[in-house]
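# Return a 3D structure for these sequence lines:
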Amino acid sequence: MPGGLGHNGGPAMDAGLSWRKHAWGRARAELMPVLPLEVVRRRVRRAEELGLPYRTYAGIRAATGRDVIGFMFSTNALRMLRAGEAPPEAVAGQLARIRGAARLGLARPPVTPAALLDWMDEAHPAPRPFATWAEARAAVKGALGGRPAHGCVLVGDTGEERLWSEAGQLAGYLGAERFFGAGL
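Prediction:
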């Protein structure tokens, strides 16, 4: 009796296990859509326009059913922690390569929203530290400016920023190192 009293949680040893694994894997594969080659090519190009690896882009599309129309960047992710500071060259270069998607900055003091406008299309105040869920949601939704939340991805660098993406019901959250590269 699997899972019963005294069971150690090891693999099932009953007959037919390998066949059930095969049948389950085949059934899952048949459920997955097979995209036409031209659709895959178009999505690969779109991932390149956004500066995302294809697997990351495809995962966001699969989870939301939408294209990415914008990115929100925290000042932590941009490595802009002091007033008057510019992002590192690698970060600025990656930002400049984004095509066909809005770049929205979320500024935390002492950095002001105006200080981000050389690299962003728009900039807004980030939620305050230790903001309530409702405050974080309001700040993120305000920064969207009417854009659909499920089309925007937050690029951040802290657990608190991950919560902003959840509060704002965004398409997802990417860590700064994942978006900009591990060499930050």
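
# contacts, neighbours, all on C-alpha from now
Fine.

# And the strands in the protein?
Along the chain, counting by DSSP state E, strands occupy 70-74, 102-107, 122-125, 152-156, 172-175.

# Which strands and helices lie in contact with the last one?
Read that as strand 172-175. The helices and strands touching strand 172-175, judged by 3 or more Cα pairs under 8 Å, 6 or more residues apart in numbering; DSSP states H and E, are strand 152-156, helix 159-167.

# Of the ones you listed, which is nearest residue 98?
strand 152-156 (13.0 Å; Cα to Cα).

# a markdown table for the helices and strands packed on strand 172-175, including distance to residue 72 and mean neighbour count?
Listed next are those as a markdown table, based on distance: least, Cα to Cα, whole Å; neighbours: other Cα atoms under 10 Å:
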| stretch | distance to residue 72 | mean neighbour count |
| --- | --- | --- |
| strand 152-156 | 5 | 26 |
| helix 159-167 | 9 | 18 |
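
# Take these and lay them out in a markdown table including mean pLDDT.
A markdown table is the format used below for the helices and strands packed on strand 172-175 (pLDDT from 0 to 100):
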| stretch | mean pLDDT |
| --- | --- |
| strand 152-156 | 97 |
| helix 159-167 | 96 |
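
# Now tabulate these in JSON lines and tack on distance to residue 26.
Putting those into JSON lines (distance: least, Cα to Cα, whole Å) gives the following:
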{"stretch": "strand 152-156", "distance to residue 26": "33"}
{"stretch": "helix 159-167", "distance to residue 26": "34"}
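
# who wins for proximity to residue 139 among those?
That would be helix 159-167 among those, by Cα to Cα, at 8.8 Å.

# between the closest one and strand 152-156, how big is the angle?
Orientation check (axes from the mean of the first three to the mean of the last three Cα atoms, to 10 degrees): helix 159-167 against strand 152-156 gives 170 degrees.

# orientation of helix 159-167 relative to strand 70-74 in degrees?
150 degrees.

# distance between helix 159-167 and the chain's centre?
11 Å (Cα atoms, centre = their mean, to the nearest Å).

# likewise stretch 107-120?
21 Å.

# And stretch 98-111, by the same measure?
On Cα atoms, centre = their mean, the centre of stretch 98-111 falls 14 Å from that of its chain.

# export that stretch as PDB, just CAs?
C-alpha atoms of stretch 98-111 as PDB (Å, rounded to 0.1, in the frame of the first residue of the first chain):
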ATOM      1  CA  ILE A  98      15.200  46.400 -26.500                       C
ATOM      2  CA  ARG A  99      12.900  46.900 -29.500                       C
ATOM      3  CA  GLY A 100       9.200  47.000 -29.600                       C
ATOM      4  CA  ALA A 101       8.600  47.100 -25.900                       C
ATOM      5  CA  ALA A 102       8.200  49.900 -23.300                       C
ATOM      6  CA  ARG A 103      11.000  50.500 -20.800                       C
ATOM      7  CA  LEU A 104       9.500  51.700 -17.600                       C
ATOM      8  CA  GLY A 105      11.700  52.700 -14.600                       C
ATOM      9  CA  LEU A 106      10.700  52.400 -10.900                       C
ATOM     10  CA  ALA A 107      12.900  54.800  -8.900                       C
ATOM     11  CA  ARG A 108      13.700  54.300  -5.300                       C
ATOM     12  CA  PRO A 109      15.100  57.200  -3.300                       C
ATOM     13  CA  PRO A 110      17.700  58.700  -3.500                       C
ATOM     14  CA  VAL A 111      17.300  58.100  -7.300                       C
END
